[in-house]
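> Predicted model and sequence below, questions to follow.
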Amino acid sequence: MPLFNRNQGNIRTAHERLTKAMEERRAAEVSVTTALNTAYQSLAAAHIEVTTLKTQILPGAQSAFDAA
């Protein structure tokens, strides 16, 4: 009888799809966060290198050039 069919199969399938989508979203968030962190670390290292070159290496090189 249709009165007692509460569509449990389709509800269960929809719930499983929702759970899978939520897990995939979380995996994507972790992946993006990891990539962002890696990019930030690279940027921070490059910034340190540039600052070192600008404040320590270039002045010495300029002095050596001027002396020559």
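All right, it came through fine.

> At which residues are the helices of this structure located?
Under the criterion DSSP state H, the chain contains helices at 8-52, 58-67.

> Lowest average confidence across those, which one?
Lowest mean pLDDT within the helices of the chain: helix 58-67, a mean of 86.

> Name the residues of stretch 39-48 that are buried.
Buried positions in stretch 39-48, judged by neighbour count with 16 or more other Cβ atoms under 10 Å: none. Where you see a C-beta, it was placed from the backbone N, CA and C, and this is true even at glycine.

> Not counting it itself, show me its contacts.
Around stretch 39-48, nothing counts as a contact under Cβ atoms under 8 Å, 6 or more residues apart in numbering.

> chain center to it, what's the gap?
14 Å (Cα atoms, centre = their mean, to the nearest Å).

> So what's the residue count around Arg12?
The number of residues packed near Arg12 is 10, by other Cβ atoms under 10 Å.

> residues in contact with it?
Applying Cβ under 8 Å, 6+ apart, we find Arg12 in contact with no residue.

> now it: how far from Thr34?
Per Cβ to Cβ, to the nearest Å, Arg12 is found 33 Å from Thr34.

> next one: Ser42
Ser42 is 13 Å from Thr34, by Cβ to Cβ.

> Next: Glu24.
16 Å.

> Near Glu24, how many other residues are there?
For Glu24, the tally of surrounding residues (other Cβ under 10 Å) stands at 10.

> and what of Asn7?
Using other Cβ under 10 Å, Asn7 has 10 neighbouring residues.

> Please report the confidence value the model assigns to it.
Predicted confidence (pLDDT) for Asn7: 85.

> Phi and psi next, for it.
Main-chain torsions, Asn7, degrees, to the nearest 10: phi 60, psi 40.

> measure it to Glu16 for me?
14 Å.

> Next: Val50.
51 Å.

> now Glu24
Noted for Glu24: a distance of 13 Å to Glu16, by Cβ to Cβ.
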